[in-house]
Each structure stands twice: as structure tokens, then as C-alpha cells.
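Chemist: Just the structure for this:
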Amino acid sequence: MAKVKTYYVCRQCGAMQPKWLGKCPDCDSWDTLEQMTQASADPHRPRALAEADGDGATPSARQEEGPRPVGQIPEFQTPRIPSGMSEFDRVLGGGVVPGSAILLGGNPGIGKSTLLLQAGDRMARRGLSVLYVTSEESAGQTKLRARRLGVGHENLLIYAECNLEKISRQIRKLRPHLCIVDSVQMIYQPDNPSPPGSLSQLKDCGTDLVYLAKAGGTAVCLVGHVTKQGVLAGPKLLEHVVDTVLYFEGDTHHDHRLVRCVKNRHGNTLEVGLFRMGQAGLEPVEDASALLVEPHGDSPGGSVITAALHGSRVLAVEVQALTAESMLGAARRKVSGCDANRVAMIIAVLEKRTGLRLVDKDVFVNVVGGLKVSDPAADAAIALAIAGAHTRRGLSSRTLVVGELGLLGELRQIGSLAQRLGEAVRLGYQRILTPAPRSSADKAAVAEAGRSLIIFPCRAVDEAIQLLA
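Modeler: Residues are numbered from 1 along each chain as shown. This is a model prediction of the structure:
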């Protein structure tokens with residue numbers, strides 16, 4: 001009879017404690033320890049990975065290799081498997097790596113199952129085998145979604161099951177190129193007494209599926225839930241064991257969806273992919289700037305377009321601001337689409353360095369389209385949008401603004417200036433406001449773009465405000 005071991009795990013940092021404590025001693029978080037129960041190894045019950053490599057040998061039974069110099073280790077040249085969706089492949093770094101583990105999280109109803117079902121069908125149409133494990137829906141419900149999306153190739157196999165041992169048995173039997181588990185919160189290990197979705201089950205099931213992927217060469221994609229704070233449920237237990245972590249973001253009031261990469265052992269991090277939700281499912285959007293920015297005439301003040309860097313691409317987004325009269329001491333600051341603390345810093349710089357009185361004004365800042373911008377190069381656009389809304393002066397049409405704002409009011413250098421200038425030329429902008437170039441590379445980029453653009457180099461934010469029409 002297997003013995004049950006009880007311990008406690010912190011939801012914030014993942015630290016393990018032998019007993020319950022009100023405060024985690026490692027991260028100082030209150031009321032974050034959750035009980036976990038795990039059965040000790042039972043020699044009479046085979047584990048799910050006992051035959052993961054097909055010949056019945058466990059990893060410990062294989063021949064152990066000693067340490068080698070880094071120069072003698074062969075290069076990792078495993079070819080990637082394209083999913084058939086260009087934006088999804090961009091986020092993954094070029095495609096799915098065989099034997100890798102991918103974690104995809106997002107809000108309920110955002111389109112995670114739709115995206116993976118479409119990607120699996122396109123891989124199946126190219127002769128690859130795909131196993132879609134549905135633990136939250138029946139096979140009939142999945143068939144209804146597949147019919148609505150127009151997918152249903154014979155190489156796409158649907159398997160409705162929650163038992164990890166049965167799922168592992170089918171993966172070892174079929175050896176598919178990709179296995180999609182939707183979702184990992186409903187998968188359970190039979191010899192674990194904890195309920196499905198608990199930290200103990202997430203740890204056991206997630207770890208076993210990752211080991212199974214590494215041993216058999218099948219890429220595994222796990223679908224995870226998102227908590228109220230907007231992070232993946234059980235983040236320290238799942239994000240650390242997988243190779244790639246993707247967040248599926250979007251606003252239910254808009255038709256576009258964003259896939260953001262925050263961890264990728266086989267490619268670039270902080271990459272994004274843009275999709276449009278339609279009647280036939282998700283469609284990749286190649287020209288994202290045309291979707292996020294709507295053409296209009298000269299702004300009366302409060303609207304500025306900037307070139308924000310998202311991963312390896314530059315997106316033109318519109319920043320809007322509004323100021324309204326308020327009672328002294330009760331002014332509100334409402335921000336949507338960017339960091340509220342950074343907007344508060346920009347407002348303080350405008351008051352101190354330019355003389356704008358905003359202490360008795362309600363300030364509202366919004367990034368149009370539901371996109372979240374974290375690039376510091378959008379500081380100048382936010383500052384000019386607030387100043388233009390306050391003074392009722394706007395920039396002329398077809399003008400782009402980029403630049404990072406310092407506490408002294410100076411406009412600092414930004415990264416990828418040449419790429420931003422190239423995007424401005426491609427989109428047909430006529431004028432661009434940038435920080436004064438200091439490095440030789442930025443000066444060369446400005447000189448090259450000066451053939452097609454009118455460039456206004458500014459050293460401080462007050463110089464930029466004077467350019468408002």
C-alpha cells in the first residue's frame with residue numbers, strides 16, 4: 001500500500017514547506033500556501049512513463065553519459081514543423097520543435113481551442129499525425145466546433161479522456177507529431193488523491209507529459225487556465241517545466257487576438273502574433289499596422305500615432321488622451337492599454353518641466369484597439385497626446401512620434417530606430433518626431449530615412465510640444 005505524503009506549496013514562488021504557515025518564508029506572501037498530497041512510489045503499480053521510450057526502459061536504466069566539453073557537443077539541428085499559420089509560427093520561432101512542451105494560456109472563450117484545432121488540422125493536411133485530447137468537452141462537442149471551423153482531416157484524431165495513464169498509453173501507441181491537451185487542469189493522475197486542477201495534480205501531470213514528450217519525440221501543447229490576476233494557474237509549477245509559454249490575449253469587444261510569447265527555449269522571447277476572429281475561426285493578420293490605425297484628418301488634439309516594438313516587429317498604434325476639469329485633490333488618472341505608473345510619471349514630468357497644470361485635471365489615456373503597449377518608445381507619444389488634449393492643439397496628419405521620456409524632460413535614445421523609420425516609410429507617413437540622434441548608427445538611419453520623411457529631432461519634451469500645430 002502506497003503511503004500518502006502531505007506538504008504545502010506557495011502559489012507565488014513555488015516553495016515547498018513541511019507544514020502550513022500563514023506567511024511564506026521565501027517570498028513573504030500571505031495566505032499563499034496550498035496543501036498538496038502525493039503518494040509515494042508503489043513498486044506494484046507501473047508509472048505512466050515506464051515505457052515512454054517504447055522499449056520498456058526507464059531513463060535511469062539507459063546508458064549514462066558523462067560530462068563533455070561544450071565544443072564536443074553536437075549542434076541541435078532538429079528541423080521545426082510549421083503549423084501552417086504564419087503568425088503562430090512567428091511566435092514559436094519558426095514552427096513546432098519535435099519533443100518540445102508548449103503551454104498556451106488565456107481567458108475563457110478567447111479562442112485557445114479554436115487556434116489549436118485550426119493549427120492541428122493544417123498540420124494534419126500536410127501528412128502529419130495530430131492527437132487532440134479534449135478533457136473539458138466530449139468528442140461530439142469537439143466535432144461541432146470542427147464542423148463550424150471547416151476542419152476534419154483524417155490525420156486529426158480526437159480523444160476525449162481525463163486519465164493521464166490512458167492518454168500516455170495512446171501517445172506511446174500512436175506516436176503523433178503533435179499532441180494537444182485541452183486542458184491540463186482537467187487531467188488527473190490516478191494514484192494522486194488530490195482533485196483535478198490542484199497544484200499537486202498540475203505538478204504531476206505537467207511533469208509527466210513533459211517527460212513523455214522528451215522521451216518519445218512528440219511535441220506536446222498544453223492549454224492552461226488564467227487566474228483573476230491574469231497569470232497562468234499554477235505559474236511556478238507549469239512555466240518552469242515547459243519549453244515555451246504563450247499568452248492568448250484579446251478584448252471581447254474587438255475581433256483581433258494577440259498571441260504573446262514570454263518564454264521560448266528554442267527561439268526569441270517577447271514575440272507576438274496577431275489574428276482576426278471571424279466566422280470561420282482565426283485568420284492570421286500580416287499587416288497589423290493597417291488593422292490598428294484608422295486613417296483620419298488632422299487631430300484637434302489628444303491623438304498621436306507611435307511605432308511600438310513588439311518582439312521583432314514594429315506596430316503603428318494610436319494613443320489618445322483626454323483631459324477634463326476636476327476638483328482640486330480629487331483628479332482621476334485612468335489608463336487603458338499601457339502602464340498606469342508610467343503615465344503618472346509622464347504627467348509629473350509635464351507639470352515640472354513644461355509648466356502644464358494638470359493637478360486639477362482628470363487625465364484619461366487609451367491605446368486604441370485594445371492593444372497593450374509596454375515599449376518605452378511610446379512615452380513621447382503619450383506626453384504629446386496629454387499635452388495636445390490639454391492645450392487643444394494637435395499634430396498634422398501622417399505624423400509619427402517615437403521617443404523615451406526621462407525624468408529631466410529629455411527625449412532619450414530608443415532601440416531599433418532604423419526599423420521604426422522603415423515602418424514609417426512603408427506605411428506612407430510624411431513626418432516623424434524622434435529624439436536627436438547621438439550614435440553613428442542612428443545618424444545613418446536618420447540620414448537614410450530623410451530622403452522620404454521630414455524628420456524633427458528633439459532633445460527635450462518642451463521642444464516637441466512646440467511642434468503641436
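Chemist: CA atoms for contacts and neighbours, from now on please.
Modeler: OK.
Chemist: OK, contacts around residue 458?
Modeler: 411, 433, 434, 435, 436, 464 (CA atoms under 8 Å, 6 or more residues apart in numbering).
Chemist: Same check on residue 239?
Modeler: 103, 245.
Chemist: Please enumerate the strands of the stretch 201-350 of the chain.
Modeler: 219-224, 244-250, 256-264, 272-278, 281-284, 303-310, 313-325, 333-336 (DSSP state E, counting those that start in this stretch).
Chemist: Let's have those strands in JSON lines, adding distance to residue 196, mean neighbour count and mean pLDDT.
Modeler: Below are the strands of the stretch 201-350 of the chain laid out as JSON lines (distance: least, CA to CA, whole Å; neighbours: other CA atoms under 10 Å; pLDDT from 0 to 100):
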{"stretch": "strand 219-224", "distance to residue 196": "13", "mean neighbour count": "25", "mean pLDDT": "94"}
{"stretch": "strand 244-250", "distance to residue 196": "21", "mean neighbour count": "23", "mean pLDDT": "88"}
{"stretch": "strand 256-264", "distance to residue 196": "26", "mean neighbour count": "22", "mean pLDDT": "87"}
{"stretch": "strand 272-278", "distance to residue 196": "31", "mean neighbour count": "20", "mean pLDDT": "87"}
{"stretch": "strand 281-284", "distance to residue 196": "30", "mean neighbour count": "19", "mean pLDDT": "90"}
{"stretch": "strand 303-310", "distance to residue 196": "36", "mean neighbour count": "24", "mean pLDDT": "90"}
{"stretch": "strand 313-325", "distance to residue 196": "39", "mean neighbour count": "21", "mean pLDDT": "91"}
{"stretch": "strand 333-336", "distance to residue 196": "35", "mean neighbour count": "16", "mean pLDDT": "94"}
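Chemist: and of those strands, who's closest to residue 129?
Modeler: strand 219-224 (11.1 Å; CA to CA).
Chemist: Each with direction, which strands does that closest one pair with?
Modeler: The pairing partners recorded for strand 219-224 under DSSP bridges are strand 101-106 (parallel), strand 178-182 (parallel).
Chemist: Select, out of those strands, the one closest to residue 128.
Modeler: That would be strand 178-182 among those, by CA to CA, at 8.3 Å.
Chemist: pull the helix or strand with minimum mean pLDDT from the chain.
Modeler: Ranked by mean pLDDT, DSSP states H and E, the weakest helix or strand in the chain is helix 235-238, scoring a mean of 67.
Chemist: so how far is residue 424 from residue 317?
Modeler: Using CA to CA, to the nearest Å, residue 317 is found at 12 Å from residue 424.
Chemist: quick one, what contacts the residue nearest to residue 10 when sequence neighbours are not counted?
Modeler: Spatial nearest neighbour of residue 10, excluding adjacent residues (CA to CA, 6 or more residues apart in numbering): residue 33 at 4.3 Å. By CA under 8 Å, 6+ apart, residue 33 lies in contact with 8, 9, 10, 11, 20, 21, 22, 23, 24.
Chemist: All the helices of the chain, in order from the start?
Modeler: For the chain, the helices defined by DSSP state H occupy 86-92, 112-124, 139-149, 164-174, 199-216, 235-238, 288-292, 340-353, 379-391, 417-426, 440-449, 461-466.
Chemist: what residues does the second one touch?
Modeler: This means helix 112-124. Contacts of helix 112-124 (CA under 8 Å, 6+ apart): 82-85, 104-106, 129-130, 132, 145-146, 149, 151-156, 178, 180, 182, 223, 248, 281-282.
Chemist: Just the buried ones out of these, please.
Modeler: Among those, those that count as buried by neighbour count (16 or more other CA atoms under 10 Å) are 82-85, 104-106, 129-130, 132, 146, 149, 151-153, 155-156, 178, 180, 182, 223, 248, 281-282.
Chemist: For the stretch 351-469 of the chain, which residues score under the pLDDT cut-off?
Modeler: Under the criterion pLDDT under 70, the flagged ranges of the stretch 351-469 of the chain are 469.
Chemist: again, only using 80
Modeler: Along the stretch 351-469 of the chain, the parts satisfying pLDDT under 80 run over 369-371, 397, 469.
Chemist: could I get stretch 86-102 in PDB with only the CA atoms?
Modeler: Taking Å, rounded to 0.1, in the frame of the first residue of the first chain, the C-alpha atoms of stretch 86-102 are listed here in PDB:
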ATOM      1  CA  SER A  86       2.200  32.200 -40.200                       C
ATOM      2  CA  GLU A  87       1.500  34.200 -37.100                       C
ATOM      3  CA  PHE A  88       1.500  31.200 -34.800                       C
ATOM      4  CA  ASP A  89       4.800  30.000 -36.300                       C
ATOM      5  CA  ARG A  90       6.300  33.500 -35.800                       C
ATOM      6  CA  VAL A  91       5.600  33.300 -32.100                       C
ATOM      7  CA  LEU A  92       7.000  29.800 -31.800                       C
ATOM      8  CA  GLY A  93      10.200  30.900 -33.600                       C
ATOM      9  CA  GLY A  94       9.600  29.300 -36.900                       C
ATOM     10  CA  GLY A  95       7.400  26.300 -36.000                       C
ATOM     11  CA  VAL A  96       6.900  23.500 -33.500                       C
ATOM     12  CA  VAL A  97      10.100  21.800 -32.300                       C
ATOM     13  CA  PRO A  98       9.700  17.900 -32.000                       C
ATOM     14  CA  GLY A  99       9.800  16.800 -28.400                       C
ATOM     15  CA  SER A 100       9.100  20.300 -27.000                       C
ATOM     16  CA  ALA A 101       6.400  21.200 -24.500                       C
ATOM     17  CA  ILE A 102       4.300  24.300 -25.100                       C
END
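Chemist: Throw the strands of the stretch 201-350 of the chain into JSON lines and include distance to residue 444, thanks.
Modeler: Rendered in JSON lines, the data for the strands of the stretch 201-350 of the chain read as follows (distance: least, CA to CA, whole Å):
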{"stretch": "strand 219-224", "distance to residue 444": "44"}
{"stretch": "strand 244-250", "distance to residue 444": "36"}
{"stretch": "strand 256-264", "distance to residue 444": "32"}
{"stretch": "strand 272-278", "distance to residue 444": "28"}
{"stretch": "strand 281-284", "distance to residue 444": "34"}
{"stretch": "strand 303-310", "distance to residue 444": "19"}
{"stretch": "strand 313-325", "distance to residue 444": "19"}
{"stretch": "strand 333-336", "distance to residue 444": "36"}
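Chemist: one step back: just give me the lowest mean pLDDT stretch among the strands paired with strand 219-224.
Modeler: Of all the strands paired with strand 219-224, the minimum mean pLDDT falls on strand 101-106 (a mean of 92).
Chemist: Grab the most central residue of this protein for me.
Modeler: Geometric centre of the chain, nearest residue: residue 260, 2.3 Å, by CA atoms, centre = their mean.
Chemist: so who does that residue touch?
Modeler: Counted by CA under 8 Å, 6+ apart, residue 260 has contacts 91, 246, 247, 248, 249, 270, 271, 272, 273.
Chemist: and residue 190, backbone torsions?
Modeler: phi -60, psi -30 (degrees, to the nearest 10).
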